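1. structure for the following, please:
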Amino acid sequence: MHHFEYRNGELYAEDVPVRQLAREYGTPLYIYSSSTFAHHFKAFDSAFSSIPHCTCFSVKACSNVNILRLLGSLGAGMDIVSGGELHRALAAGIPPERIVYSGVGKKHAEIRQALEAGILMFNVESMQELERIASVAGEMHLVARISLRVNPDVDPKTHPYISTGLKKNKFGLDLEQSLKAYRRAQELDGIEPVGIDCHIGSQLTSIEPFIEALDRVMRFYETLKSEGINITYLDLGGGLGIPYHAEEPPHPVEYGRVVSERIKDSGLTLILEPGRVIAGNAGILVTEVVYTKDTPSKHFVIVDAAMNDLVRPSLYQSYHRIAEVQPKGRPERNVDVVGPICESGDFLAQDRDLPGVEQGELLALFSAGAYGFSMSSQYNSRLRAAEVLVEGSTARVIRRRETYADLTALEE
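-> Numbers count the residues shown, from 1 in each chain. Presented below is the predicted three-dimensional model:
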């Protein structure tokens, strides 16, 4: 569910007309609904209320510090993958003990930064990373709490670019390597192994891959116990999908029930890292039609948003629903919705049946709250969009639109 709906023939974000926001703040424009963020977080988090757990929002999905602060106020922790994301989480007031640090390429300075902050734990992805964390912790006379990211070799049946739990993926260690790594962790003075981590992919639309991975990890947990390695946290990552188009992902309640039933007697505290399922449908991207163009073989709708604003259609061939901000009931025609960037790959939709829109009208791309602005860039020296957060009948800018001075500020 989300709080973007049509009233009296025009699209609203909560109680504010989208047309009004576009007029005031310009386009392209990211608009977020605070009520949707809150509703989605509570729906997900409450699904695990019967067991000890911490829901750590995946910062990479939507990293604006104001969004992180909103989720933190609801009790969210944060899953981070860089020193910059740690900086954002701390700036948002997230307690360090609710922060877990994932990612395959943590550098010396980033490890030091996280140890100084006192995060809950590192999700370690290689033997060399384990040794480096131990070395940095030793230099600082600290002990680093870690979990090892176990790669269970489970096919999530999702886009290959967002699959992370197969043997061929760069993430984690297989079960045999993981056991060796836990044994090594027990030997290292600067390391305390406290958890097991597993994340198999993103935009999963079935519970079965989660359960297959969980069952394999729980068998591995029993092996660790038999070796005297005492684990207290189980990090299952994120990955639950959302309905962009015709997908029918499981509801968090269903996911929570199945997972909770399997680990309720284990004594483990569950860590969850949802991103898309919280943020995806909490944001839209609004764009203006700049031109329409007909050729003998194609009809084009050229808009002022581009692949630098929303790269998912070009990168993943992803579908985002596109609709008029003020529908006029016109017949549909098959079009490509494209941006101004000098790349044939710059499109937001291809072969899409849309009403015959005209120059100057506004379109909304739905389900743009996750991996939208956070993956945006300045390619073609384009100014990144503004971000606006709506709460009821009020709206505020949470990231101003860039200026030309911003483009060169770091180059002078």
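
2. the nearest residue to Gly118 once chain neighbours are set aside: how many residues sit nearby?
-> Counting by CB to CB, 6 or more residues apart in numbering, the nearest residue to Gly118 once its immediate chain neighbours are dropped is Pro96, at 4.4 Å. All C-beta atoms are positioned from the backbone trio N, CA, C, and that covers glycine. By the other CB atoms under 10 Å criterion, the neighbourhood of Pro96 contains 16 residues.

3. do the same with the one 4 residues further on
-> Neighbour count for Val100, taken as other CB under 10 Å: 25.

4. and if you look at the one 10 residues further on?
-> Each residue near Glu110 was counted by other CB under 10 Å, and the total is 21.

5. and stretch 213-228, what's buried?
-> The neighbour-count check on stretch 213-228 (16 or more other CB atoms under 10 Å) flags Ala213, Leu214, Arg216, Val217, Phe220, Tyr221, Leu224 as buried.

6. out of those, list just those in helices.
-> Using DSSP state H, Ala213, Leu214, Arg216, Val217, Phe220, Tyr221, Leu224 are the members of the buried residues of stretch 213-228 that sit in helices.

7. in TSV, list those along with pLDDT and distance to Ile133.
-> Compiled in TSV, those are given as follows (pLDDT from 0 to 100; distance: CB to CB, whole Å):
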residue	pLDDT	distance to Ile133
Ala213	87	24
Leu214	90	26
Arg216	90	25
Val217	92	21
Phe220	92	21
Tyr221	94	22
Leu224	95	19
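
8. which of those residues sit farthest apart?
-> Farthest-apart pair in those is Ala213 and Leu224; separation 16.3 Å (CB to CB).

9. related to what we said a few turns ago, now, among the ones in helices among the buried residues of stretch 213-228, which is nearest to Gly392?
-> Nearest to Gly392 among these is Leu214, at 39.1 Å by CB to CB.

10. hang on, the closest one packs against Arg262?
-> Yes: counting by CB atoms under 8 Å, Leu214 sits close enough to Arg262 to count as a contact (6.0 Å).

11. so which strand or helix has Thr287?
-> When elements are defined using DSSP states H and E, Thr287 is found to belong to strand 283-294.

12. ok, Glu24 next?
-> Remark: Glu24 resides in helix 18-25, with elements defined by DSSP H and E.

13. any idea how far that helix is from the middle of the chain?
-> 26 Å (CA atoms, centre = their mean, to the nearest Å).

14. related to what we said a few turns ago, in the strand holding Thr287, which residues are buried?
-> By neighbour count with 16+ other CB under 10 Å, strand 283-294 contains the buried residues Gly283, Ile284, Leu285, Val286, Thr287, Glu288, Val289, Val290, Thr292.

15. can you find the helix or strand in the protein with the smallest mean pLDDT?
-> Ranked by mean pLDDT, DSSP states H and E, the weakest helix or strand in the chain is helix 208-226, scoring a mean of 91.

16. which residues are contacting it?
-> For helix 208-226, the surrounding residues in contact (CB atoms under 8 Å, 6 or more residues apart in numbering) are 150, 152, 154-157, 165, 175, 178-179, 182, 196, 198, 200-201, 204, 231, 234, 236, 239, 255, 258-259, 262-263, 266, 268.

17. at 6 Å instead, please
-> The contact list for helix 208-226, computed with CB atoms under 6 Å, 6 or more residues apart in numbering, reads Val150, Pro152, Val154, Pro156, Leu175, Ile196, Cys198, Ile200, Ile231.

18. now it, how far from the centre of its chain.
-> Between the mean C-alpha point of helix 208-226 and the mean C-alpha point of its chain there is a distance of 25 Å (CA atoms, centre = their mean).

19. just the CA trace of that helix, in CSV.
-> Extracted in CSV, the C-alpha atoms of helix 208-226 (Å, rounded to 0.1, in the frame of the first residue of the first chain):
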residue,chain,number,x,y,z
GLU,A,208,10.9,-20.6,-0.8
PRO,A,209,14.4,-19.3,-1.5
PHE,A,210,14.5,-17.6,1.9
ILE,A,211,13.5,-20.8,3.6
GLU,A,212,15.9,-22.9,1.7
ALA,A,213,18.7,-20.6,2.7
LEU,A,214,17.5,-20.4,6.3
ASP,A,215,17.4,-24.1,6.7
ARG,A,216,21.0,-24.5,5.3
VAL,A,217,22.2,-21.7,7.7
MET,A,218,20.5,-23.3,10.7
ARG,A,219,22.2,-26.6,10.0
PHE,A,220,25.5,-24.7,9.8
TYR,A,221,24.6,-23.0,13.1
GLU,A,222,24.3,-26.5,14.7
THR,A,223,27.8,-27.3,13.4
LEU,A,224,29.2,-24.2,15.0
LYS,A,225,27.6,-25.0,18.3
SER,A,226,29.1,-28.5,18.2
